[in-house]
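In: Sharing a model that was predicted from the sequence below.
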Amino acid sequence: MSWFRRRRSIFDVFDEIMREFEEEIREIEEEFMRFVREGRAEVRGPYYYGVRVTIGPDGVPRVEEFGNIRRKAGRPVITEEIEPMVDVLDYDNEVLVVAELPGVDKDKIKVKVKGNKLIIKAENKKKYYKEVELPAKVKPETAKASYKNGVLEVRIQKEKTKEEEDGVEVKVE
C-alpha cells in the first residue's frame, strides 16, 4: 500500500540537514579537543562558525558555511581570516553582493573583480577574506562599493551579449 507512505515535507528535509550538521559539529569539536590534549593545537580564539541553509532555484537545499573554521582533507582547520556571510542577488541589469564585515574600517576593505569572481579582503582588528562566484558575466569597470554599519554592498552591471541587446531573429517556416 504505497499510497499510505507519507510524503517528505520541507521540514523533514531541514530536520535531516540539521541532524547531519549537529553530527559534523560534534565531530569537529571532538577532533579539536583531541588536538588540544595532544598539544598539536593551541586554543587562541575567537572562533567563528556558522551555516546558512537556503533552497536553490532547483528546489534543492544548500548549506553554506562561514567563519574561520574550515575543513581541509576532512579535518577542521582554524584560520586567521574569517569568511564573511555573503548574499549574491542577480537582477536583470546588475549583480548585487552583500557581505557582513563588522568591526572593519572602510579604508581597510579591498574589493576586486577578477574574471567571474568578486574578491573581498579586509583587515583591521579582524581579517576577512571571501571569493564570490558571480552568477553572470559583468563589466568590472562599473563596480561600485559602499560600506555602512558593518555591511558592504557591491553593485556591478551585467555585460550584455550582442544577442541579448539585439535579440535573436527566428525564421518562420
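Out: Happy to help now that I have it. Numbers count the residues shown, from 1 in each chain.

In: In terms of helix, strand or coil, where does the nearest residue to Leu89 once chain neighbours are set aside fall?
Out: Ranked by C-beta to C-beta, 6 or more residues apart in numbering and with sequence neighbours excluded, the top spatial neighbour of Leu89 is Leu96, at 4.3 Å. Quick note: C-beta positions are derived from backbone N, CA and C, even for glycine. Counting by DSSP: H, G, I helix; E, B strand; the rest coil, the backbone at Leu96 sits in strand.

In: likewise Asp87?
Out: Going by three-state DSSP: Asp87 is strand.

In: now do Ile78
Out: strand.

In: quick one: buried residues of the longest helix seen in the chain?
Out: Longest among the helix segments of the chain by residue count, using DSSP state H, is helix 10-37. Buried positions in helix 10-37, judged by neighbour count with 16 or more other C-beta atoms under 10 Å: Phe32, Phe35.

In: Beyond it, next helix or strand please.
Out: The helix or strand immediately downstream of helix 10-37 is strand 49-55, counting by DSSP states H and E.

In: Run the chain-centre distance for that next one.
Out: How far strand 49-55 lies from its chain's middle: 9 Å, per C-alpha atoms, centre = their mean, to the nearest Å.

In: so what strands line up beside it?
Out: Strand 49-55 sits in its sheet next to strand 61-72 (antiparallel), going by DSSP bridges.

In: The strand it pairs with vs helix 10-37, what angle?
Out: Between the axes of strand 61-72 and helix 10-37, defined by axes from the mean of the first three to the mean of the last three C-alpha atoms, to 10 degrees, the angle is 10 degrees.

In: avg pLDDT for strand 61-72?
Out: For strand 61-72, mean pLDDT is 78.

In: tell me which residues in it are buried?
Out: Quick answer for strand 61-72 (16+ other C-beta under 10 Å): Phe66, Gly67, Asn68, Ile69.

In: check contacts around the last one.
Out: Contact criterion C-beta atoms under 8 Å, 6 or more residues apart in numbering gives Ile28, Tyr47, Tyr48, Tyr49, Pro76, Val77, Ile78, Thr79 as the residues in contact with Ile69.

In: Looking at those residues, which is nearest Gly39?
Out: Closest approach between the contacts of Ile69 and Gly39, by C-beta to C-beta: Ile78, at 15.4 Å.

In: Can you give me the separation between Val13 and Val60?
Out: Per C-beta to C-beta, to the nearest Å, Val13 is found 9 Å from Val60.

In: and Glu131, that's in a strand?
Out: Yes - judged by three-state DSSP, Glu131 forms part of a strand.

In: Need the pLDDT of the residue of the chain most remote from its centre.
Out: Centroid-distance maximum for the chain: Glu173 at 47.2 Å, with C-alpha atoms, centre = their mean. Glu173 is assigned a pLDDT of 79 by the prediction.
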